[in-house]
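A.B. asks: sequence plus predicted model, see below.
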Amino acid sequence: METRLEKITETKRKFFVQLAPEEVLQDYNRILKAFASNAKVPGFRKGKVPLEIAERLFGEKAARRLLEEKLIPILKEEIEKRAKPVRSPIITNWDFSKEEGLKVEAEFEEVPEYDVEGYEGLEIEVEKEEITPEQMVENTLKELQEQNTVLERKNGEAEEGDHVFAVIQMIDPETKKRFPQEKYMIKVNGKDEIASLFLGKKKGEVFTFKRKYPQDHPRKKLAGKEIIHEVKVIEVRRPRRPELNDHFARKFRYGSLEEMKNKLRERAEEQLLRSREEKIKGKILEALREKNPIPVPEVLVEEEFRNLATSTLMDLSARGTRISEEEWLSLSPRIREEAERRVRDRFILLKIAEKLGLEVDKKDVRERIKKMAEERGTTQKEVRETLKKQGITDDELRKDILVDKALSHVREHVIIKEVEGNERKEEK
């Protein structure tokens, strides 16, 4: 047997195995006879087909069976003696002949030996939060007011902030073609080119305006043309926002407006705290990647990319959003970059966990399963069944916990410098 291991890239390897004729011919003939004994060949009784004829008929199938039964197990065994593949090897080429025997080429990826540094006493810069809990409360109350605003009919002229309901018919001035009428609701805004035209308009009023549409407008019949718009105002409505008082708060099951503000402030503080922690951990990972640019197996990046892409598309679909091929071509590279970052982060943190001597016990696993069940609103048994269906083994789950432990350790010892948002922009 002859074997050879070649390095293609930092992570990719090529492995070559060749078995001499005397090592495979006996097994080849045995497999060939098995094919012949079960075959129905005109002119021959079952099981009496000559070997040379059987070889012409079943030689290729026999050679492939020989590859599967004899060489692939040897290939995997020999690779595992010399390397640590992250996934099963992929056969890229193979050949069999009685003169040269059976040979095969396979490729696989492994994580090269690497070390990490710079994780103890790591220094990072984090932008100060520009919004306060009080501002968040104020914004939330304004949003709730907006959501509960009612539109009341108005007899007078449309003013800033009013809503105008109108029927608009577009006319192509060149062909005189009239497009079907369409109903619109326009929020009057003096700063907007079109919405400002409705200032001072009343119910029943009719007026026209022209608009030049860009060449890349999605409606091809309008693209690049200056279109006449005939407008008839159906009605004007004035928004009436509810007052912020105890009555308003009781709609949301609070005893008073003061209680509502206090609860919203508590949630805002929790949200800001979570946001800050996410920023800190993001900056930690960014700094660790810069200090440790380790190569990562492409096969793992591809797997992570598929998972992220599937999750992204499902999320968009759930929100009723469909993306075009052009939009996907723009989005896809960003998802792949994120996939590569995640794979690299995982290897860095696993090495940190190894260097720190961190361990995961059964209690850690039980706690993780319990937390996942609480977050998903299901049982621990159902979580375990889901993980099994997803192919997530206990070993993978332990690695996930190790990654979190390593990140927590770095977080506890990180040195944080608070900077203003505009300060970082000036540096860039």
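C.D. replies: Looks like it arrived, so ask away.
A.B. asks: centre-most residue in this structure?
C.D. replies: Leu308 (2.5 Å; CA atoms, centre = their mean).
A.B. asks: what is the helix or strand where it lies packed up against?
C.D. replies: Assessed by DSSP states H and E, Leu308 sits inside helix 298-318. Helices and strands touching helix 298-318, by 3 or more CB pairs under 8 Å, 6 or more residues apart in numbering; DSSP states H and E, are strand 101-109, helix 325-356. Every C-beta, even on glycine, is put in place using the N, C-alpha and C of the backbone.
A.B. asks: quick one, what contacts the residue nearest to the centre of the chain?
C.D. replies: Ile335, Glu338, Ala339, Arg342 (CB atoms under 8 Å, 6 or more residues apart in numbering).
A.B. asks: so for it, what pLDDT did the model give?
C.D. replies: The per-residue pLDDT reported for Leu308 equals 94.
A.B. asks: can you list the weak-confidence ranges in the protein?
C.D. replies: Counting by pLDDT under 70, the chain has low-confidence residues at 39, 41-48, 421-428.
A.B. asks: the same query, at a cut-off of 50, please.
C.D. replies: For the chain, the stretches flagged by pLDDT under 50 are 425, 428.
A.B. asks: test my guess that Met185 contacts Phe165.
C.D. replies: Yes. Here Met185 reaches Phe165: they are 5.4 Å apart, a contact under CB atoms under 8 Å.
A.B. asks: in its sheet, what does whichever strand in the chain runs longest sit against?
C.D. replies: For the chain, the strand with the greatest residue count under DSSP state E is strand 226-240. In the sheet, strand 226-240 lines up against strand 150-154 (antiparallel), strand 163-171 (antiparallel), strand 206-212 (antiparallel) (DSSP bridges).
A.B. asks: so which of the ones you listed gets nearest Met1?
C.D. replies: strand 206-212 (76.7 Å; CB to CB).
A.B. asks: returning to that earlier point: most packed of the helices and strands packed on helix 298-318?
C.D. replies: Across those, averaging neighbours per residue (mean count of other CB atoms under 10 Å) puts strand 101-109 on top, at a mean of 21.
A.B. asks: next secondary structure after it?
C.D. replies: With elements assigned by DSSP H and E, the helix or strand that comes after strand 101-109 is strand 123-127.
A.B. asks: output the contacting helices and strands for that next one.
C.D. replies: On a contact count with 3+ CB pairs under 8 Å, 6+ apart, strand 123-127 meets helix 257-291, strand 415-419, helix 421-427.
A.B. asks: so how far is it from its chain's centroid?
C.D. replies: 26 Å (CA atoms, centre = their mean, to the nearest Å).
A.B. asks: got it, and stretch 387-396?
C.D. replies: Distance of stretch 387-396 from the chain centroid (CA atoms, centre = their mean) equals 19 Å.
A.B. asks: same question for stretch 159-166.
C.D. replies: How far stretch 159-166 lies from its chain's middle: 41 Å, per CA atoms, centre = their mean.
A.B. asks: only alpha carbons, please: show it as PDB.
C.D. replies: Output of stretch 159-166 as PDB, limited to C-alpha atoms (Å, rounded to 0.1, in the frame of the first residue of the first chain):
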ATOM      1  CA  GLU A 159     -53.100  71.700   7.300                       C
ATOM      2  CA  GLU A 160     -49.700  70.300   8.300                       C
ATOM      3  CA  GLY A 161     -50.100  66.800   9.700                       C
ATOM      4  CA  ASP A 162     -53.600  66.300   8.300                       C
ATOM      5  CA  HIS A 163     -54.500  63.200   6.200                       C
ATOM      6  CA  VAL A 164     -56.000  63.700   2.800                       C
ATOM      7  CA  PHE A 165     -57.900  60.900   1.000                       C
ATOM      8  CA  ALA A 166     -57.900  61.400  -2.700                       C
END
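A.B. asks: buried residues in it?
C.D. replies: Using 16 or more other CB atoms under 10 Å as the test for burial, stretch 159-166 gives Asp162, His163, Val164, Phe165, Ala166.
A.B. asks: closest one of those residues to Glu120?
C.D. replies: His163 (59.9 Å).
A.B. asks: now the helix or strand following the longest strand of the chain: how far from the chain's centre is it?
C.D. replies: Using DSSP H and E, the helix or strand that follows strand 226-240 towards the C-terminus is helix 246-250. Distance, stretch centre to chain centre, for helix 246-250: 41 Å (CA atoms, centre = their mean).
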